[in-house]
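Undergrad: Predicted model and sequence follow; I will ask about them next.
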Amino acid sequence: MINKITFIIIAIIFSNLAHGKNFNQTGVASWYGYESGKHYRKHPKTANGDIFNPNILTAAHKTLPFGTKVKVTNLKNNKSVIVVINDRGPFIKGRIIDLTKHASKVIDMEGTTKVTLAYLK
């Protein structure tokens with residue numbers, strides 16, 4: 001068990017070091033949320049401890065450090081949105097980022113779509 005935990009910690013550290021100011025990624029984005037109204041009743045928290053709010057511009061990424069600002073560009077229409085990473089995911093193979101419902105609306109994303117991610121200071 002300790003070896004597994006140590007491996008995970010080392011992987012996160014190296015992953016965070018690898019994401020510098022030249023970070024760019026292209027892949028499939030999706031939006032995520034909870035059942036209608038559920039987030040107001042039970043207050044689910046994001047991985048960094050924030051209360052999940054589908055009406056703000058945040059996102060989940062597997063490895064980017066919390067607080068990282070990322071410009072997400074929809075490759076179908078070239079619309080962009082800046083989001084802050086405050087959660088972990090997506091947990092579906094082939095996807096690189098989960099946006100809140102509000103962020104997905106800003107870039108006119110329907111379901112899933114191909115996007116590019118660019119690191120911002």
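TA: Arrived safely.

Undergrad: where do the helices sit along this structure?
TA: With helices called from DSSP state H, the chain shows them at 2-18, 38-42, 101-106.

Undergrad: Considering those helices, which stretch scores lowest in mean pLDDT?
TA: Within these, confidence is poorest for helix 38-42, with a mean of 52 (mean pLDDT).

Undergrad: ok, the residue minimising distance to the centre of the chain to residue 78 distance?
TA: Among the residues of the chain, the one closest to the centroid is residue 60, at 2.3 Å (Cα atoms, centre = their mean). Distance, residue 60 to residue 78, by Cβ to Cβ, to the nearest Å: 23 Å. For every residue, glycine as well, the C-beta is placed using N, CA and C.

Undergrad: Was I right to think residue 116 contacts residue 29?
TA: No. Contact criterion Cβ atoms under 8 Å: residue 116 and residue 29 do not qualify, at 9.5 Å.

Undergrad: Compare neighbour counts for those two and give me the winner.
TA: In this view residue 116 and residue 29 are compared by other Cβ atoms under 10 Å, and residue 29 has more residues nearby, 26 against 17.

Undergrad: How many neighbouring residues does the spatially closest residue to that one that is not a sequence neighbour have?
TA: Take residue 29 and drop its neighbours on the chain: the residue closest to it by Cβ to Cβ, 6 or more residues apart in numbering is residue 115, 4.3 Å away. When counting by other Cβ under 10 Å, one arrives at 26 neighbours for residue 115.

Undergrad: What sits closest to residue 111 if chain neighbours are left out?
TA: In space, residue 111 is closest to residue 30, 7.3 Å off (Cβ to Cβ, 6+ apart).

Undergrad: OK, contacts around the one you found?
TA: Going by Cβ atoms under 8 Å, 6 or more residues apart in numbering, residue 30 touches 90, 92, 95, 97-99, 111-112.

Undergrad: For those residues, please prepare JSON lines with the additional fields distance to residue 53 and neighbour count.
TA: JSON lines is the format used below for these (distance: Cβ to Cβ, whole Å; neighbours: other Cβ atoms under 10 Å):
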{"residue": "90", "distance to residue 53": "18", "neighbour count": "23"}
{"residue": "92", "distance to residue 53": "22", "neighbour count": "11"}
{"residue": "95", "distance to residue 53": "21", "neighbour count": "17"}
{"residue": "97", "distance to residue 53": "17", "neighbour count": "25"}
{"residue": "98", "distance to residue 53": "14", "neighbour count": "23"}
{"residue": "99", "distance to residue 53": "13", "neighbour count": "28"}
{"residue": "111", "distance to residue 53": "21", "neighbour count": "9"}
{"residue": "112", "distance to residue 53": "22", "neighbour count": "15"}
